[in-house]
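Colleague: Turn this into a model:
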Amino acid sequence: MSKLMIADNILEQVQSPSRYIGGEINTYNKDIEKVDIRFAFCFPDVYEVAMSHIGMQILYHYFNRREDVFCERVFAPWEDLESQMRKHQIPLFTLESQRPIKENDFIGFTLQYEMSYTNILNMLDLGQVPIYSKDRTEKDPIVIAGGPCAYNPEPLAPFIDCFYIGEGEVQYDLIFDLYKEHKKNGGSREDFIEKMLEIEGIYVPKFYDVTYKEDGRIEAFTPNHPKAKAKIKKQIVVDMEESFYPDKQIVPWSKAVHDRVFLEMFRGCLRGCRFCQAGMIYRPVREKSKENLIDSAKELIDSTGYDEISLSSLSTSDYSHLPEFMDMLLDTCQNERVNIALPSLRIDKMTVDLMNKVQGVRKSSLTFAPEAGSQRMRDVINKNLSEEEILNGSKLAFDAGWNRVKLYFMIGLPSEEEEDIRGIAKLGEQIVDTFYTIPKGRRKGAVQVAISTACFVPKPFTPFQWTGQNTHEEFIEKSRLIKNSITRRQIKFNHHDSQTSVIEAVIARGDRRVADGIYQAYKGGSTFDSWTEYFSFDNWLQAFEKADIDIDFYA
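Modeller: Okay, here's the model as predicted:
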């Protein structure tokens, strides 16, 4: 293991020092003098969250399969370590070689959620890399960003040199080959960024000019370089059967949020829910064969020692060979004494039978995502799930021995009315009533129904991208209406913080002008905004005021 950047006397003072030492099972430790390209893969959140991200696991091993590339991980340090780093002037560092991130050729950020953006600025600053792209010089790394939020790159445009739009396995080999040749020939940093314009899926903000109408909307978005494309084409892996998938997975020192083997079944989603960004941007559906999946499962279980495997996809129930695949996976997991963690499934007889096989006598809670309380509203959002299907599925599950149900809804959806809101409570009560249609002798314990609501955030590249969002006050009133409409003690109600959702909407649909608001929020002390205890709505309001940003205009 490399010499640690953080001295023992400092590590002894921080929570979870294992976040910062590297050297976990299935990581790489290459000789940096023998590689041509050093890539710092940055996840702008804490270690336990980052280590649960399947995309990072895939790209980490994909990059490191090349002998000429050393990809290392970088995560946001928690506030206890950050204060020590600033006090002792310790720069942000990579886990594998424990070297400052500024010594890399590339710093790559994955953009998974908008409320991590202030962490990106903080990580650059901690890494002693200029926050604004325009301030970087030849000695600075190239800062690149990708992931689902990169589909609207504009709120981060002043801070990021290049954006990669799409799935990383498609073009990164070409990027690395191009950079290796460019570096060999003594080319400059700026020349290479210009060369990136030749690669499909790459967006370089400085090569585009934006003009605005009097009412604040964008008037024109114009390339200012002859090689800059008028439209950026997202990059997708066409053949999942032949695509790279790691045969091992990093096993964290401390427990991650999702601490298990991840098995990616397919990409894309058939459902087409009108609010869902992932369902839209990851189209089309591309499956792996059941034989491919079983081979991967065996390799990952063997190389990690995990006793649980999780199936990863946007809609696992839609896998075309699900019954046969699950029989094969059950055989494999029973032989290895490995549990199977099932995601949210469409509850019908097939999946209830499936869950009976998987969970046996240990019945965990069932999860439904109706998203809306009325059939009218479910039709509006294109959620192909009827009330009859929900209640029949509940009855099947109760009859098979389940007694706990989780229901996920969204409030503030387009065209929503009071009746739709009350319908959330009503549906929960109908599920409770369904439990009591089961003969008393066959019921397993007392029924419990948990209703959770999230606030609708209009996202780019969805059919609802131009739909206005409810105000914070409207969200609060709708949550109160649901709570007051619940009359059964078997129902527990939780609702998501609406203030965070309002800021998320501003950033999600924001243009370049929003970047100054993000910067002002960061300067005002905002980091870890996706963590409730650190989020400050007042600080964001002040930041947007300083940046002359009208929240209502964007949200």
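Colleague: ranges for the helices of the stretch 1-150 of the chain?
Modeller: 8-11, 47-50, 54-64, 79-87, 117-126 (DSSP state H, counting those that start in this stretch).
Colleague: what separates the last one from the chain centre, distance-wise?
Modeller: With C-alpha atoms, centre = their mean, to the nearest Å as the basis, helix 117-126 stands 18 Å off its chain's centre.
Colleague: and what of the second one?
Modeller: Relative to the centre of its chain, helix 47-50 is centred 12 Å away, using C-alpha atoms, centre = their mean.
Colleague: any residues touching that helix, and which ones?
Modeller: In this structure, residues lying in contact with helix 47-50 by C-beta atoms under 8 Å, 6 or more residues apart in numbering are 16, 19-20, 43, 56, 73, 75, 252, 254-257. Just so you know, the C-beta spots here come from the backbone N, C-alpha and C atoms, and that holds for glycine as well.
Colleague: Keeping just the C-alphas, turn that helix into CSV.
Modeller: Taking only C-alpha atoms (Å, rounded to 0.1, in the frame of the first residue of the first chain), the coordinates of helix 47-50 have been written out as CSV:
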residue,chain,number,x,y,z
TYR,A,47,-17.3,7.0,0.5
GLU,A,48,-20.3,4.8,1.7
VAL,A,49,-22.6,6.3,-1.0
ALA,A,50,-20.0,6.3,-3.8
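Colleague: Could you pull up the mean pLDDT of that helix?
Modeller: Over the span of helix 47-50, the pLDDT mean works out to 94.
Colleague: How many residues are close by the residue nearest to residue 274 when sequence neighbours are not counted?
Modeller: In space, residue 274 comes closest to residue 463 once its chain neighbours are excluded; the distance is 4.2 Å by C-beta to C-beta, 6 or more residues apart in numbering. Burial of residue 463 is recorded as 16 neighbouring residues (other C-beta atoms under 10 Å).
Colleague: which ones are touching residue 463?
Modeller: By C-beta under 8 Å, 6+ apart, the neighbours of residue 463 are 274, 280, 382.
Colleague: ok so, going back, which of the helices of the stretch 1-150 of the chain sits closest to residue 183?
Modeller: Counting by C-beta to C-beta, residue 183 lies closest to helix 54-64 out of the helices of the stretch 1-150 of the chain; the figure is 16.4 Å.
Colleague: For that closest one, what is the distance to the chain centroid?
Modeller: Relative to the centre of its chain, helix 54-64 is centred 15 Å away, using C-alpha atoms, centre = their mean.
Colleague: residues of that helix that come out buried?
Modeller: By neighbour count with 16 or more other C-beta atoms under 10 Å, helix 54-64 contains the buried residues 55-64.
Colleague: any idea which of the residues you listed is closest to residue 2?
Modeller: residue 64 (15.7 Å).
Colleague: quick one on the thing from earlier: got TSV for the buried residues of helix 54-64, with pLDDT and distance to residue 413 too?
Modeller: Shown next, in TSV, are these (pLDDT from 0 to 100; distance: C-beta to C-beta, whole Å):
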residue	pLDDT	distance to residue 413
55	94	28
56	95	32
57	95	34
58	96	33
59	97	34
60	98	37
61	98	39
62	98	37
63	98	40
64	98	43
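Colleague: Correct me if wrong: residue 378 contacts residue 368.
Modeller: No - judged on C-beta atoms under 8 Å, residue 378 makes no contact with residue 368 at a distance of 11.9 Å.
Colleague: ok, how many other residues are close to residue 439?
Modeller: Neighbours of residue 439 under the rule other C-beta under 10 Å: 8.
Colleague: 39 is where my numbering starts, stick with that
Modeller: Happy to do that; since the first residue is 39 now, the last one works out to residue 477.
Colleague: Distance check, it against residue 437.
Modeller: Residue 477 is 9 Å from residue 437, where distance means C-beta to C-beta, to the nearest Å.
Colleague: residue contacts, residue 354?
Modeller: Residue 354 is in contact with 303, 360, 380-383, counting by C-beta under 8 Å, 6+ apart.
Colleague: now, which of those residues lie within helices?
Modeller: Under the assignment DSSP state H, the contacts of residue 354 contribute residue 360 to helices.
Colleague: Narrow the contacts of residue 354 to just the buried residues.
Modeller: For the contacts of residue 354, a burial check counting by 16+ other C-beta under 10 Å picks out 303, 360, 380, 383.
Colleague: May I see the residues you listed organised as CSV, with pLDDT and distance to residue 206 added?
Modeller: As requested, the buried ones among the contacts of residue 354 are exported to CSV (pLDDT from 0 to 100; distance: C-beta to C-beta, whole Å):
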residue, pLDDT, distance to residue 206
303, 93, 19
360, 90, 27
380, 75, 27
383, 71, 28
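Colleague: follow-up on the earlier one: go through the helices of the stretch 39-188 of the chain and name the closest to residue 234.
Modeller: Nearest of these to residue 234, taken as C-beta to C-beta: helix 92-102 at 17.0 Å.
Colleague: Which secondary structure elements does the closest one sit against?
Modeller: Packing contacts for helix 92-102, counted by 3 or more C-beta pairs under 8 Å, 6 or more residues apart in numbering; DSSP states H and E, involve strand 75-81, strand 107-113, helix 210-222, strand 299-302.
Colleague: ranking the contacts of residue 501 by neighbours, who comes first?
Modeller: Compared across those, residue 318 has the highest neighbour count, 20 neighbours, by other C-beta under 10 Å.
Colleague: Please, which helix or strand holds that residue?
Modeller: helix 315-319 (DSSP states H and E).
Colleague: what's the offset of the helix or strand just after that helix from the middle of its chain?
Modeller: Using DSSP H and E, the helix or strand that follows helix 315-319 towards the C-terminus is strand 324-325. A distance of 20 Å separates the centroid of the chain from that of strand 324-325, by C-alpha atoms, centre = their mean.
Colleague: Packing partners of strand 324-325?
Modeller: For strand 324-325, the helices and strands in contact under the criterion 3+ C-beta pairs under 8 Å, 6+ apart are strand 304-305.
Colleague: Return the list of strands paired to the strand it packs on, each annotated with direction.
Modeller: Next to strand 304-305 in the sheet, as set by DSSP bridges, lie strand 324-325 (antiparallel).
Colleague: Next SSE downstream of the partner strand?
Modeller: Downstream of strand 324-325, the first helix or strand assigned by DSSP H and E is helix 328-342.
Colleague: What is that following helix packed up against?
Modeller: Right, helix 328-342 is packed against strand 299-302, strand 346-350, helix 360-374 by 3+ C-beta pairs under 8 Å, 6+ apart.
Colleague: Strands of the stretch 439-588 of the chain, residue ranges please.
Modeller: Here the stretch 439-588 of the chain has its strands, by DSSP state E, counting those that start in this stretch, at 442-449, 486-493, 529-533.
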